[in-house]
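**Q** Predicted model and sequence below, questions to follow.
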Amino acid sequence: MKSLGRRLGALTGMAAMAVALLAVMQPQAQAQVMDRILKDRKIRVGYIPSPPGTIKDPATGEVKGYYVDGVRYIFKTINVDVDLIETTWANFAAGLQSGQFDLSMAGTFATIQRAAAVEFTKPIHYLGYSAIIKTGDDRFKTLADFNKEGVKIAVVQGGAGQEYVKENFPKATIVALATGNLTAPFVEVSAGRADVGIEDAWQARRYASQQPGVTDLFQAKPYNLLPIAWSVKRGNQDLLNFMNTSIDFMLLTGRWEKLAEKYGATGRFYDRPDLTPFGALIEPKK
């Protein structure tokens, strides 16, 4: 029995050593991502066409925009080249997890669901949503009007808009579009295949200004204002730390605004969230 006890004690000690060794090795494993980027002088960056941050010329394939200029500025500062890899809203998380790219430059709404799959950087800015309807369609004046039987709401599949519609308008019918084109939900409204098209406020404003017969319902005050962030694979803490420092630098020095100037007015970005108090008011003592 004593011999068995000694053997069990030895095994327990070995297990404890293994756990301790893994704990020591874990930071080293996390640091390998940034080490590799600095060694290879190259980073793979996933992107999704979404003007004005990321603009892809359909004729030439050229990718530009102030997100593109920003990420190139950041990595040029440390002598690292940027390889751009196109992805979609439905697949960007899988692209990070599989190692297809190291950083997702998609201007992504940071939501709870997505945070379970990727690690988000600090917000680059904040962005709200709006909705496109046919001009003269007096059924819709508020968000509550969308939550009715028979109402068809078009959204981009895998986007934060789809999550919002599922949670807040359960009576409506969702028309989920497998595309990276953020104006696709609005096209469905113009074509009469949907009653409402939901996407971010800038896309809605641009579409309504260019297409006759539609109205940007919440142009004056976008709803569901959320942080827009980039993302990395879970566990890549060293790259996340580097990006957070870089984003702070870009914001505090005004470089985002400077890079965005040549792409025209954005009309959709906020530097801080729209904070609104809630709950019962505390009455002052008399």
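**A** Everything's here; your move. Residues are numbered from 1 along each chain as shown.
**Q** how far is whatever helix or strand residue 187 lives in from where the chain is centred?
**A** Per DSSP states H and E: residue 187 is located in helix 184-190. Distance, stretch centre to chain centre, for helix 184-190: 22 Å (C-alpha atoms, centre = their mean, to the nearest Å).
**Q** For residue 223, see how far away residue 126 is.
**A** According to C-beta to C-beta, to the nearest Å, residue 126 and residue 223 sit 12 Å apart. Where you see a C-beta, it was placed from the backbone N, CA and C, and this is true even at glycine.
**Q** ok now stretch 178-190, how far from the chain's centre?
**A** 18 Å.
**Q** can you check stretch 108-118 too?
**A** 7 Å.
**Q** And stretch 69-77, by the same measure?
**A** 19 Å.
**Q** Quick check: mean pLDDT of that stretch?
**A** Across stretch 69-77, pLDDT averages out at 97.
**Q** got it, and stretch 32-44?
**A** On average, stretch 32-44 scores 95.
**Q** Any buried residues in it, and which?
**A** 33, 34, 37, 43, 44 (16 or more other C-beta atoms under 10 Å).
**Q** OK, contacts around residue 213?
**A** Residue 213 is in contact with 134, 135, 190, counting by C-beta atoms under 8 Å, 6 or more residues apart in numbering.
**Q** low pLDDT regions in the stretch 151-286 of the chain?
**A** 265-286 (pLDDT under 70).
**Q** Which residue ranges of it form helices?
**A** Per DSSP state H, counting those that start in this stretch, the stretch 151-286 of the chain carries helices over the ranges 160-168, 184-190, 201-210, 237-252, 255-260.
**Q** Of all the residues in the fourth one, which ones are buried?
**A** When you say that, I think you mean helix 237-252. 237, 238, 239, 240, 242, 243, 246, 247, 250, 251.
**Q** Can you list phi and psi of residue 130 for me?
**A** Backbone torsions for residue 130, taken as degrees, to the nearest 10, come to phi -140, psi -180.
**Q** Relative to residue 169, how far out is the closest residue to it other than its chain neighbours?
**A** Distance criterion C-beta to C-beta, 6 or more residues apart in numbering; nearest residue to residue 130, sequence neighbours excluded, is residue 204 at 3.8 Å. Separation of residue 204 from residue 169 (C-beta to C-beta): 17 Å.
**Q** just to revisit the earlier point, dump the helices of the stretch 151-286 of the chain to CSV, plus distance to residue 74.
**A** Formatted as CSV, the helices of the stretch 151-286 of the chain follow (distance: least, C-beta to C-beta, whole Å):
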stretch, distance to residue 74
helix 160-168, 25
helix 184-190, 31
helix 201-210, 23
helix 237-252, 5
helix 255-260, 9
